[in-house]
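K.L.:
build the 3D model from these lines:
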Amino acid sequence: MIERFLKQTKFTSVEDYNKNLEFIIPENFNFAYDVMDAWAEEAPEKLALLWTNDQGEEIRATYAQLKEQSDQAASYLMSIGIGKGDPVMLILKRRYEWWIVMLALCKIGAIVIPATHMLTKHDIVYRNTRASIKSIICVDDAYVCEQIRLAMPESPTVKQYITITDHGKPIPDGFRDYQSEVVKAPKFERPAFVNNNEDTMIMYFTSGTSGEPKMVAHDYLYAMGHLTTGVFWHNLHEGSLHLTVADTGWGKAVWGKFYGQWFAGATVFVFDHEKFNADTLLRQMEKYKVTSFCAPPTIYRFMIREDLSKYDLSSLEYCCTAGEALNPAVFDKFYEKTGIKMMEGFGQTETTMTLGTFPWMTPKPGSMGIPNAQYEIDLLRADGTSCEDGEKGEIVVRVGDKKPIGLFKGYYRDEEKTREAWHDGIYHTGDMAWRDEDGYYWFEGRIDDVIKSSGYRIGPFEVESALMTHPAVVECAITGVPDDIRGMVVKATVVLGKEWKDKAGDDLIKELQQHVKKETAPYKYPRIIEFVDELPKTISGKIRRVEIRQKDAEK
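P.N.:
All right, here's what the predicted structure looks like:
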């Protein structure tokens, strides 16, 4: 499959990859037709999706079955008035139908807007009005349905809302019944024209660490941009059973559960559950013999606190991580317990993977890896000049005259925000890093999160990494607190392991402070330490340091 879209499909070194990665771009590329339906024709009985849930239910779908079901769904959606360019919001958790509807909307040229089930009425109204959403397709969840119902009086563009539930269950008032209606759909006929490559295919509302979310618009080539994610970063092949831990409401779902995995011809494994539990997840990986795994560092932090010798993970071949910076201590512990080295990657909702650790590389614990060859990455000083090796700067994408495959089109209906981030041929990520002499990049934090104390610039991640090597610490967040003498001082907000919680107090604070002084430069140690049960996070699981700073300012 991938030979249709790449001039060279195998690489043996960084130099080979950087020199020879080149896409073959068809006209009017459509992932649902050109990849998924093509697989259905070439390997109809090949397993594409293995779905299970915490109730023990299981669905196995071949590529041919996904084609048949997505055709049926596309026909149904067209029959109720959804067509090319119509914005449709999906709030489906990890229900099996999410994969079907995603493909169906692609087949008819509608704009899909995945969203999390945790949205409030305010969130839904904001999205409906900002994106002029025409239809909402949601899971039959009492909270979700109630928030949608409450949002309707302030959502004039929404013409219908559809719920997906189990057969026989009553449908909430005002909602259409997907399950009973889709089976009555007429035979699907592909529209005469579906899309250009430049048309908007998918939009995400960024969760953001401050302010209202922005709408990130991606074109149809965004799907192709994830070919490198699945084939080269995840190192997938046709025999892979891949599990990415991600909510379908945020971008990591299409990074790890959709586009790149099916380019590779792999089987996507989905575990639908209400509440994360490391033991339960590991049991699923053992039972189904998962071969490839990707999750944010938070998940690995909880996994390594389990006795991994209790689980048969012999099927596991490859592990990746992204979503937030990886603390080297987590890398080391996971490697010690499994013999597998985690391959870190970096990207944003606005991009596909921009930095990564590839199979032909030796990972450096805590490094994001090297630039993905589909992007021209640089580090810039505040004055716009390029940084030297070892110097901290902002990660940017040099765009020039031609937008690279995978980079967003812009912030939908917000030219000002787009110009702030993307101007003079450069897209500014807002993330800080430094590059070592081997070309590996090391994350420092968001520009807004950098702490200036007594003339020193301190990146939160370097202090967090030091703290994470102490056995008491499960998670932590480093922020700056205003100080009359030093300008700012470093504060650590810490989640302790359950066996350490009764020791929370002055003695442990001093112990942690001394530990940081030994692990990194003494001036970086946290002068303030607060113990909490959990850290504030965005919908996508990233730590909201801005919320910690706001609470401190209110004290």
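K.L.:
show me what contacts the nearest residue to residue 227 once chain neighbours are set aside?
P.N.:
Nearest residue to residue 227, sequence neighbours excluded (CB to CB, 6 or more residues apart in numbering): residue 263, at 4.6 Å. Every residue, glycine included, has its C-beta placed from N, CA and C. Counting by CB atoms under 8 Å, 6 or more residues apart in numbering, residue 263 touches 1, 2, 5, 35, 226, 227, 230, 231.
K.L.:
in helices, which of the residues you listed fall?
P.N.:
Counting by DSSP state H, those place residue 227 in helices.
K.L.:
please identify which pair of the contacts of residue 263 lies farthest apart.
P.N.:
Maximum pairwise distance in those, criterion CB to CB, is 13.5 Å, between 1 and 226.
K.L.:
coming back round to it: mind checking how far the residue nearest to residue 227 is from residue 10?
P.N.:
Noted for residue 263: a distance of 14 Å to residue 10, by CB to CB, to the nearest Å.
K.L.:
equivalent analysis for residue 545, please.
P.N.:
Counting by CB to CB, the separation of residue 545 from residue 10 is 41 Å.
K.L.:
if you count surrounding residues, which of the two has more?
P.N.:
More crowded of residue 545 and residue 10, by other CB atoms under 10 Å: residue 545, with 23 against 12.
K.L.:
per-residue pLDDT, the more buried one?
P.N.:
Confidence at residue 545, expressed as pLDDT, is 84.
K.L.:
residue 287 now?
P.N.:
97.
K.L.:
give me the number of residues near it?
P.N.:
Residue 287 has 12 neighbours, counted by other CB under 10 Å.
K.L.:
name the SS class of it, please.
P.N.:
Per DSSP: H, G, I helix; E, B strand; the rest coil, the secondary structure class of residue 287 is helix.
K.L.:
helix/strand/coil for the closest residue to residue 37 other than its chain neighbours?
P.N.:
Leaving aside its chain neighbours, residue 37 sits nearest to residue 67 (5.2 Å; criterion: CB to CB, 6+ apart). What three-state DSSP gives for residue 67 is helix.
K.L.:
run a quick neighbour tally on residue 67.
P.N.:
Count around residue 67 with other CB under 10 Å applied: 24.
K.L.:
equivalent analysis for residue 417, please.
P.N.:
By the criterion of other CB under 10 Å, residue 417 has 15 neighbours.
K.L.:
for the closest residue to it other than its chain neighbours, grab phi and psi.
P.N.:
Using CB to CB, 6+ apart and skipping the chain neighbours, the partner closest in space to residue 417 is residue 411 (4.5 Å). Phi and psi for residue 411, reported as degrees, to the nearest 10, are phi -80, psi 120.
K.L.:
likewise residue 23?
P.N.:
phi -80, psi 150.
K.L.:
can you show me the helices along the stretch 51-200 of the chain?
P.N.:
Secondary structure of the stretch 51-200 of the chain (DSSP state H, counting those that start in this stretch): helices at 63-79, 97-108, 121-131, 142-151, 178-182.
K.L.:
am I right that residue 397 sits in a strand?
P.N.:
Yes. Using three-state DSSP, the assignment for residue 397 is a strand.
K.L.:
surely it touches residue 427?
P.N.:
Yes. Residue 397 is in contact with residue 427 according to CB atoms under 8 Å; the separation is 4.2 Å.
K.L.:
and residue 40, how many neighbours?
P.N.:
Look at residue 40: counted by other CB under 10 Å, it has 21 neighbours.
K.L.:
tell me the secondary structure at it.
P.N.:
At residue 40, secondary structure determined by three-state DSSP is helix.
K.L.:
ok, then the element right after the helix or strand of the chain with the lowest mean pLDDT?
P.N.:
Within the chain, confidence by mean pLDDT, DSSP states H and E is lowest for strand 456-458 among all helices and strands, at a mean of 72. Per DSSP states H and E, the first helix or strand lying C-terminal to strand 456-458 is helix 460-468.
K.L.:
and that next one, which residues are buried?
P.N.:
For helix 460-468, a neighbour-count test (16 or more other CB atoms under 10 Å) marks 460, 461, 462, 463, 464, 465, 466, 467, 468 as buried.
K.L.:
could I get the contacts of residue 263 as a markdown table with neighbour count and distance to residue 281?
P.N.:
Below are the contacts of residue 263 laid out as a markdown table (neighbours: other CB atoms under 10 Å; distance: CB to CB, whole Å):
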| residue | neighbour count | distance to residue 281 |
| --- | --- | --- |
| 1 | 19 | 29 |
| 2 | 18 | 29 |
| 5 | 19 | 33 |
| 35 | 25 | 28 |
| 226 | 26 | 24 |
| 227 | 25 | 27 |
| 230 | 30 | 21 |
| 231 | 23 | 25 |
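K.L.:
out of the contacts of residue 263, who's nearest residue 346?
P.N.:
Nearest to residue 346 among these, with distances taken as CB to CB, is residue 226, at 14.4 Å.
K.L.:
check the chain and tell me which residue is nearest its centre.
P.N.:
residue 252 (2.1 Å; CA atoms, centre = their mean).
K.L.:
hmm, back to that, need the contact list for the residue nearest to residue 417.
P.N.:
Shown in contact with residue 411 (CB under 8 Å, 6+ apart): 214, 215, 216, 217, 417, 418, 421.
K.L.:
so residue 321 touches residue 341, yeah?
P.N.:
No. Using CB under 8 Å, residue 321 makes no contact with residue 341, being 10.7 Å away.
K.L.:
which of those two has more neighbours?
P.N.:
More crowded of residue 321 and residue 341, by other CB under 10 Å: residue 321, with 25 against 17.
K.L.:
residue 350 is in contact with residue 427, isn't it?
P.N.:
Yes. When contacts are counted by CB under 8 Å, residue 350 is listed as touching residue 427 (7.3 Å).
K.L.:
residue 351 looks like it's in a helix, true?
P.N.:
No. The assignment for residue 351, made by three-state DSSP, is coil rather than a helix.
K.L.:
for it, give its distance to residue 374.
P.N.:
10 Å.
K.L.:
identify the contacts common to the two.
P.N.:
Listed contacts common to residue 351 and residue 374 are 225, 406; contacts here mean CB under 8 Å, 6+ apart.
K.L.:
quick one: which of the two has more around it?
P.N.:
Using other CB under 10 Å as the criterion, residue 351 and residue 374 rank with residue 351 on top: 24 against 20.
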